[in-house]
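[1] from the sequence below, what's the structure:
(2 chains)
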Number of protein chains: 2
Amino acid sequence: MLYASTNSMNMKNAIVLLSGGMDSAVTLYLAKKEYMCRALIFDYGQKAKTEIGYAKKLAETAGVPYEISNITMPWKGSSLLDSAVSVPDASSGGQDDIPNTYVPARNMIFLSFGVSFAEATGAEAVFIGAHQMDFSNYPDCRDVFFKALQGAIDKGTREGILGKGIKIVTPIIDKRKEEIVRIGSKLGVPFEHTWSCYRDGAAPCGKCESCLFRMNAFEKAGIKEQVLSIKL
Amino acid sequence: MLYASTNSMNMKNAIVLLSGGMDSAVTLYLAKKEYMCRALIFDYGQKAKTEIGYAKKLAETAGVPYEISNITMPWKGSSLLDSAVSVPDASSGGQDDIPNTYVPARNMIFLSFGVSFAEATGAEAVFIGAHQMDFSNYPDCRDVFFKALQGAIDKGTREGILGKGIKIVTPIIDKRKEEIVRIGSKLGVPFEHTWSCYRDGAAPCGKCESCLFRMNAFEKAGIKEQVLSIKL
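    So this is what the prediction gives:
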């Protein structure tokens, strides 16, 4: 497949990992300010299939071309993937607990695909909407992980060795969730085209940790959600 | 899916990335000496689909259970994947050239899956049969890359932070290709169940770089190849 490595506006190129959730949506709109973006969406066996449709719709609304990577992980290892394990309601565990919604090595997998896509298309950056403030304690959402993975990218890609390099960019890594809502609101992010729920119902469950983080964030930001009643 | 995290022989558990080629085959047999192994095979859109059948057959012959991860990389970025780009004959380029058979970030992707599989199943190690001696100058086959990626695994997995860690093991990283043949021969590796050719014919093409490395290795090791005439 051929991709143009430059574009009409002479902007730099970036890949944006797009989950369909609000964090990656805001990240996409932040990236768009400086880069010509391509979105990368994953169909990796998640129960919340709805988010894939939302991610596509979001990319279309933002005017950003996208690709979908299909992935199978037969070992699952997470309640987000394994039909034999229920997605729990928001955790009552301690702050240091890692809930069973953690998907082993997911961000390493997703970023590796993003780096591959970037290298194949001449993109200089891979954006990911991870943040380490109001989050579920996932080890692969911490800045220290992204910095370490950057080292591997610098050593293990053609671009890292011979070229200009490929950078992981985490623009909301230290933002609180309500700040992310405010930033997105100012940028015109269509939050109605984002899906945060870990479960896959006709509407968000309102009980899982991801729903709770989202509801709290909008409440603290003082912004009323526009809820879609349809599946995309 | 449930996996037993211990086994009857109290051996440690490992994941072995299995391509169907000779290097990963020898690596599997080395790993088996110390670990209870599970193999991980990738169907990632490679032209050489034959290697997948060889990898399965090899795992079965070795008595090792395996999983297959299906992956789509719509951007391709390599002659091993892209039907619009021919796999070249063995390179006449300089030693520092990276041929178009390089697949961007492939080993980072494969190892990320291996780490995910390891974390989900309680395995302590992920074996990969990369080596940096007689190779095609791929940036992601160098020891310096694997060491850097180890840092990311230590920082970005539950096992890395809370547990015993997951180690990348590269037992043939500094072996010459003919040494790999000799080691495998002593271990009883069924080389007739390995496929090295980048192309997908009824028999290996004998002209691509991978075929040439293999033929030279067997010749230097003084071991005659048993060639299968059937596709597995």
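[2] got the contact list for residue A:195?
    A:20-21, A:48, A:50-51, A:54, A:204, A:232 (C-beta atoms under 8 Å, 6 or more residues apart in numbering or on different chains). Where you see a C-beta, it was placed from the backbone N, CA and C, and this is true even at glycine.
[3] closest one of the residues you listed to residue B:144?
    residue A:21 (35.0 Å; C-beta to C-beta).
[4] what's the pLDDT at the closest one?
    Per-residue confidence (pLDDT) for residue A:21: 96.
[5] pretty sure it sits against residue A:193.
    No - counting by C-beta atoms under 8 Å, residue A:193 is not a contact partner of residue A:21; they are 10.8 Å apart.
[6] could you count how many residues lie near residue A:65?
    When counting by other C-beta atoms under 10 Å in any protein chain shown, one arrives at 11 neighbours for residue A:65.
[7] in stretch A:11-31, which residues are buried?
    Under the neighbour-count criterion of 16 or more other C-beta atoms under 10 Å in any protein chain shown, stretch A:11-31 has A:12-31 buried.
[8] who's in contact with residue A:73?
    Residue A:73 neighbours (C-beta under 8 Å, 6+ apart): A:44-45, A:81, B:69, B:113, B:116-117.
[9] centre of the chain to the lengthiest helix in chain A, how far?
    Secondary structure of chain A per DSSP state H: the longest helix is helix A:106-121. Relative to its parent chain, helix A:106-121 has a centroid offset of 13 Å by C-alpha atoms, centre = their mean, to the nearest Å.
[10] does it reach chain B?
    Yes - counting by C-beta under 8 Å from any C-beta of the partner chain, chain B is contacted by helix A:106-121 at A:106-109, A:112-113, A:115-121.
[11] quick one: those residues as TSV, columns for pLDDT and distance to residue B:157 too.
    Below are the residues of helix A:106-121 next to chain B laid out as TSV (pLDDT from 0 to 100; distance: C-beta to C-beta, whole Å):
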residue	pLDDT	distance to residue B:157
A:106	98	10
A:107	98	10
A:108	98	8
A:109	98	11
A:112	98	14
A:113	98	18
A:115	98	18
A:116	98	20
A:117	98	23
A:118	98	23
A:119	97	24
A:120	97	27
A:121	97	28
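[12] out of the residues you listed, the closest to chain B would be?
    residue A:120 (2.8 Å; C-beta to the nearest C-beta).
[13] correct me, but that closest one touches residue B:77?
    Yes - using C-beta under 8 Å, residue A:120 makes contact with residue B:77 at a distance of 2.8 Å.
[14] now for the two: what residues contact both?
    With C-beta under 8 Å, 6+ apart, residue A:120 and residue B:77 have common neighbours residue B:104.
[15] could I get the residues of helix A:106-121 next to chain B as a markdown table with distance to residue A:218 and neighbour count?
    What follows is the residues of helix A:106-121 next to chain B, written out as a markdown table (distance: C-beta to C-beta, whole Å; neighbours: other C-beta atoms under 10 Å in any protein chain shown):
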| residue | distance to residue A:218 | neighbour count |
| --- | --- | --- |
| A:106 | 25 | 24 |
| A:107 | 25 | 24 |
| A:108 | 30 | 26 |
| A:109 | 30 | 27 |
| A:112 | 32 | 27 |
| A:113 | 30 | 28 |
| A:115 | 33 | 27 |
| A:116 | 35 | 27 |
| A:117 | 32 | 27 |
| A:118 | 32 | 29 |
| A:119 | 37 | 26 |
| A:120 | 37 | 23 |
| A:121 | 35 | 20 |
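[16] among the residues you listed, which pair sits farthest apart?
    A:106 and A:121 (22.5 Å).
[17] so what's residue A:27 closest to, chain neighbours aside?
    Using C-beta to C-beta, 6 or more residues apart in numbering or on different chains and skipping the chain neighbours, the partner closest in space to residue A:27 is residue A:129 (3.5 Å).
[18] then residue A:172?
    Nearest residue to residue A:172, sequence neighbours excluded (C-beta to C-beta, 6+ apart): residue A:131, at 4.9 Å.
[19] confirm that neighbour sits in a helix?
    No - counting by DSSP: H, G, I helix; E, B strand; the rest coil, residue A:131 is not found in a helix; it is coil.
[20] so which elements touch the least confident helix or strand in chain A by mean pLDDT?
    Among the helical and strand segments of chain A, the one scoring lowest on mean pLDDT, DSSP states H and E is helix A:158-162, with a mean of 91. Other elements packing on helix A:158-162 under the criterion 3 or more C-beta pairs under 8 Å, 6 or more residues apart in numbering or on different chains; DSSP states H and E are helix A:106-121, helix A:143-156.
[21] okay if I get these as CSV plus distance to residue A:37?
    Output for those, formatted as CSV (distance: least, C-beta to C-beta, whole Å):
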stretch, distance to residue A:37
helix A:106-121, 11
helix A:143-156, 19
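[22] residue ranges of the strands in chain A, please?
    Taking DSSP state E as the test, the strands found in chain A are A:12-17, A:35-43, A:66-70, A:125-127, A:167-169.
[23] got a markdown table for these, with distance to residue B:135 too?
    Converted to a markdown table, these look like this (distance: least, C-beta to C-beta, whole Å):
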| stretch | distance to residue B:135 |
| --- | --- |
| strand A:12-17 | 28 |
| strand A:35-43 | 29 |
| strand A:66-70 | 27 |
| strand A:125-127 | 26 |
| strand A:167-169 | 27 |
